[in-house]
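Participant: next comes the sequence, and after it the predicted model I'd like to discuss.
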Amino acid sequence: MKRSGSADLALMGGSIPYWLFDRMTKLSLPIVESIILEYGKQEFLKRLSDPFWFQSFGAVIGMDWNSSGVTTAVMSALKKSLNPHAKELGLYVCGGKGKDSLQTPNELVAVGDKTGINGNELARISRLTAKVDSTAIQDGFQVYMHYFIVSNDADWSVIQQGMQTKTSKARRYHWNSDSIESFVEAPHTAICGDFQGEILNLVDKQAKPVQSAILNIAKENPEKMLEEIRQMTLPTYCDIKTKDVDLKRLGSILWLAQETETQSFEELLLLKGLGPRTLQSLALVSEVIHGAPSRFSDPARFAFAHGGKGGRPFPVPTKVYDETITTLRSSVEKAKIGDADKQNAIKKLTEMAQKSEANFTPNDNFEALLQKEKDDAWQYGGRTVNGFVKKEDNNKLEMP
């Protein structure tokens, strides 16, 4: 199955504060390590090429779930966290934003020198994917971000983002080596988003005659792009609304975190000492690691792990975030030396939550759920770009 595509996102300003980006980096590493330990490097690269999984990953590490900044946050965190362990992991993150993106071919050649894979060929692929999304597909988005993630087995994924300031939107493009049959014939699963008029797509399957015509210096253009196969268009508002979340899935996670009887399960005894709020976050992180592709159709749900820097949907619970990092980090380190009990316990959270969904009836009072997270934020070290939340600030965090 092909696993690549594109996503349209709102252009939202504001940098990521250091205290949050540092945690994003620390949590990203054990999540990736857990995926590699359980499913392998190639599976992680395939997940990066899935726009829905990518967005869910960004939300679970605390980035605004539907903004263009998710791309910067996820890829910057992965580059900083994975590259120091590249030899051990067998994964290398190259490229970046703006001028940094131009260094991608040189970085790939250097990776080739270290690993023995063909760095020059990877550099050629890097240039080619950039050309396809910036030139062969003329959809009004100017590509300004290019990341190339490659394994020591020469499997790769490319994440690119283009900007269209006129509509205040960014478009992210996903590529994966396993899905490529031809770079000039439908290399993506879809080029999709809000309809903005006809575009020029010279790598569409229907554009083969046009490619030949261009080679013969003809002037014909393709009439229209291929009918959309997959679509992921995210809203421009910052807050999370009821329609953005599968309440049955979210509700079962919250139930699992609060249900004291689950503590009697042998597997969860290994997670002894974790409070309900940390179990809630850990269960969502567990799903990012172990969930099937169909589980990421509502990426906003994963914002209920660690909130967001602007207080949407609620302030980042730094104490919970740190406990999640420590627990996951410990499980990975133990799994590396053959003790997978804690890793299996975390996996069990996903299995239990999915099992409970079958007979779970969600509470329709979504706004009350959001308000409770905001009211409790001070207890968990809640923090936004404006500082730590105080108990007396509760009334200031009411739903807009």
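Facilitator: That came in fine, so what should we check first?

Participant: in stretch 311-321, what's buried?
Facilitator: By neighbour count with 16 or more other C-beta atoms under 10 Å, stretch 311-321 contains the buried residues G311, R312, P313, F314, P315, V316, P317, T318, K319, V320, Y321. Any C-beta I mention is one placed from the backbone N, CA and C, and that applies to glycine too.

Participant: and stretch 144-155, by the same measure?
Facilitator: Within stretch 144-155, the residues scored as buried using 16+ other C-beta under 10 Å are M145, H146, Y147, F148, I149, V150, S151, N152, A154, D155.

Participant: distance between it and the chain's centre?
Facilitator: Centre-to-centre, stretch 144-155 and its host chain are 16 Å apart (C-alpha atoms, centre = their mean, to the nearest Å).

Participant: next: stretch 127-143.
Facilitator: Mean-position distance between stretch 127-143 and its chain equals 22 Å (C-alpha atoms, centre = their mean).

Participant: now it - C-alpha only, CSV.
Facilitator: Output in CSV follows, covering the C-alpha atoms of stretch 127-143 (Å, rounded to 0.1, in the frame of the first residue of the first chain):
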residue,chain,number,x,y,z
ARG,A,127,17.0,17.4,-5.7
LEU,A,128,14.4,15.6,-7.7
THR,A,129,11.7,15.5,-5.0
ALA,A,130,12.3,19.2,-4.4
LYS,A,131,11.9,19.9,-8.1
VAL,A,132,8.7,17.9,-8.4
ASP,A,133,6.9,19.8,-5.6
SER,A,134,8.2,23.2,-6.6
THR,A,135,8.2,23.0,-10.4
ALA,A,136,6.4,20.0,-11.8
ILE,A,137,3.5,20.7,-9.4
GLN,A,138,2.5,24.3,-9.7
ASP,A,139,-0.2,24.7,-7.1
GLY,A,140,0.7,28.2,-5.8
PHE,A,141,2.7,26.9,-2.8
GLN,A,142,6.4,27.9,-2.7
VAL,A,143,8.5,25.1,-1.1
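
Participant: picking up where we left off before, okay if I get the buried residues of stretch 144-155 as CSV plus distance to S101?
Facilitator: Formatted as CSV, the buried residues of stretch 144-155 follow (distance: C-beta to C-beta, whole Å):
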residue, distance to S101
M145, 6
H146, 4
Y147, 8
F148, 9
I149, 14
V150, 15
S151, 20
N152, 23
A154, 21
D155, 21
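
Participant: most widely separated two among these?
Facilitator: Farthest-apart pair in these is M145 and N152; separation 24.3 Å (C-beta to C-beta).
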